[in-house]
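In: requesting a structural model of the entry that follows:
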Amino acid sequence: MNASILIVDDEKNTREGLAAVLEDQYETFLAANADEALNLMRVETFDVVLTDLRMAGKSGLKVIDEALKLANKPICIMMTAYGNVETAVEAMRRGAFDFLTKPVNLEKLELVIQRALRSRSIEEENIVLHQRLDHKYKFEGIVGNSKELADVIDKVKLVAPSKATVLLEGETGTGKELIAQAVHQNSNRSRAAFVAVHCAALPASLLESELFGHEKGAFTGATERRIGRFEAADGGTLFLDEIGEIDASVQVKLLRFLETKSFERLGSTKTLTVDVRLVCATNRDLNERVREGAFREDLLYRLNVVTLKLPALRERTDDLLPLLNHYIDYFSRENGLQPVTLTESAIKQLCAYRWPGNIRELRNFCENIVVMRHGQELTEYDLDPKFHQQAQEGQGLGSAYTVGADKALSVEENEKRLLRNALVKSGGNRTLAAQMMGVSRRTLHRKLAQWPELDVR
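Out: Model prediction:
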């Protein structure tokens, strides 16, 4: 659908001439004065309002003022004679997009309208993006119902509106960046930048420049001035992941920033001041790092104004099934596939697993089973042997042997069925079949000697 333009001018030849030029590309409406324009804007929605400044009755400024009060604000462009440029500039201060001097250059007019519509499109996309970020990084995007997770969210709600520095502690893969995003999105900085730096991924020689920026010639290879992450995050939030890995020289500059909110770029003596909220994360014990002499104690005191400890996945078992369902659905939609169904026995095995890689490991697992599926159902025999090994360690030898047993069958019939399925799934690999069943290889050999007809080799 073509964009709609309201042309407001008390000179008939001007408004009709402009309409003749624009009507091939746009849906045009005409108004001979401000009152007509205001009446039209009450019943129609316009993308652009192109109005003359000086008209009989109310001026074009009134048209712009009223247009910008509408729920669906149009883009306003002022037309004016050379002597009224100052008034046109005032219109821009009040919200007009641009102004053109009369007589209007038609090529320039079309370019201004195109630029205005592109600007409107970008603004709408930004609104949608912010809405998506709000949904993803406020609490709707955090999956789980456990008490452990609820405690973290309650603390985020308390700390987010403040200016306090936040330290997130937790194992790798526990979702520290997601919580950092939630702190940002629930603060009054949510419309400013969220800038993330993974400190362990950068050598010390580059990290200082990455954070604080540098001047041209500050070091070999510094061919131009570079703005650091602190400046990029001005007005917003800077997230420093793996803060325990930063070099001593960077620790000194970071401590100074926390004390004064100021710093210098490398190679410069000019002090810069920025308004940045700092959220840091670590999977290391920073107190232990202090005892080792690898981390400044005074910096630690500055960082842990508010400390949030993120629970490992094994500590929030109530969230395991919701997370599995969430990521299976997510990756199924991403790949245009029907969701995989987990059997009860597979769920038992997954719940017995300790997930050392936490949510990151679970997410990767879900993507794998969605993409590498062999059907719509995933059973315990489709799982990697590591899941069976931990189930065996946690539940005792042979406990997995009864997982998925059919109560309608005898013990012997169940054993035969489970053994046969394990051998089929493992392609006849007896070691793998034993791991799948959670029994020793010796036990499996003994069962095959008892029931040789089950051997698939």
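
In: shouldn't Thr443 be within a helix?
Out: Yes. Secondary structure of Thr443 (DSSP: H, G, I helix; E, B strand; the rest coil): part of a helix.

In: that one and Glu36, how far apart?
Out: Per Cβ to Cβ, to the nearest Å, Thr443 is found 91 Å from Glu36. (C-beta placed from N, C-alpha, C; glycine too.)

In: pull out the buried positions in stretch 215-223.
Out: For stretch 215-223, a neighbour-count test (16 or more other Cβ atoms under 10 Å) marks 215, 218 as buried.

In: pLDDT below threshold where in the chain?
Out: 1, 82-85, 88, 123-141, 389-412, 414, 456-457 (pLDDT under 70).

In: tell me the domain boundaries of it?
Out: Taking automatic domain parsing as the criterion, the chain consists of the domains 4-129, 138-311, 315-454.

In: which residues touch Ala160?
Out: Residues counted as contacts of Ala160 (Cβ atoms under 8 Å, 6 or more residues apart in numbering) are 182-184, 186-187.

In: quick check: nearest residue in space to it, chain neighbours excluded?
Out: Asn186 (3.8 Å; Cβ to Cβ, 6 or more residues apart in numbering).

In: my read is that that neighbour contacts Leu158, right?
Out: No. Judged on Cβ atoms under 8 Å, Asn186 makes no contact with Leu158 at a distance of 10.0 Å.

In: the two: which has the busier surroundings?
Out: The neighbour count for Asn186 versus Leu158, taken as other Cβ atoms under 10 Å, is higher for Asn186 (19 against 11).

In: what helix or strand is Phe99 located in?
Out: strand 98-101 (DSSP states H and E).

In: wait, I meant Ile77
Out: Using DSSP H and E, Ile77 falls in strand 75-80.

In: so what strands line up beside that strand?
Out: strand 48-52 (parallel), strand 98-101 (parallel) (DSSP bridges).

In: quick check: what element follows that strand along the chain?
Out: helix 85-93.

In: list the helices and strands that following helix packs on?
Out: helix 60-67, strand 75-80, strand 98-101 (3 or more Cβ pairs under 8 Å, 6 or more residues apart in numbering; DSSP states H and E).

In: in the first one, which residues are buried?
Out: I take that to be helix 60-67. Those would be 60-67, for helix 60-67 by 16+ other Cβ under 10 Å.

In: which among those residues gets closest to Gln25?
Out: Nearest to Gln25 among those: Ala67, at 21.0 Å, using Cβ to Cβ.

In: ok, that closest one touching Val49?
Out: Yes. Assessed by Cβ under 8 Å, Ala67 is found in contact with Val49 at 5.0 Å.

In: find residues that contact each of those two.
Out: Contacts common to Ala67 and Val49, judged by Cβ under 8 Å, 6+ apart, are 41, 74, 76.

In: format the residues you listed as TSV; extra columns: distance to Asp247 and neighbour count.
Out: Listed next are those as TSV, based on distance: Cβ to Cβ, whole Å; neighbours: other Cβ atoms under 10 Å:
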residue	distance to Asp247	neighbour count
Met41	60	22
Pro74	54	24
Cys76	53	28
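
In: in the stretch 201-350 of the chain, which spans are strands?
Out: For the stretch 201-350 of the chain, strands defined by DSSP state E, counting those that start in this stretch occupy the ranges 237-241, 262-264, 271-273, 277-282, 306-309, 341-342.

In: for Arg296, find the nearest of these.
Out: Judging these by Cβ to Cβ, what sits closest to Arg296 is strand 277-282, at 13.3 Å.

In: what angle separates the closest one from strand 237-241?
Out: 10 degrees (axes from the mean of the first three to the mean of the last three Cα atoms, to 10 degrees).

In: so which residues make contact with strand 277-282?
Out: 163, 165-170, 176-177, 180, 183-184, 187, 189, 236-244, 258, 303.

In: let's go with 6 Å and repeat that
Out: 165-168, 176, 180, 183, 189, 237-241, 243-244, 303 (Cβ atoms under 6 Å, 6 or more residues apart in numbering).

In: OK, contacts around Leu106?
Out: By Cβ under 6 Å, 6+ apart, the neighbours of Leu106 are Val21.

In: likewise Ile5?
Out: 26, 28, 48.

In: what subset of these is buried?
Out: 26, 28, 48.

In: could you say which helix or strand holds the second one?
Out: For Thr28, the element it lies in under DSSP H and E is strand 27-31.
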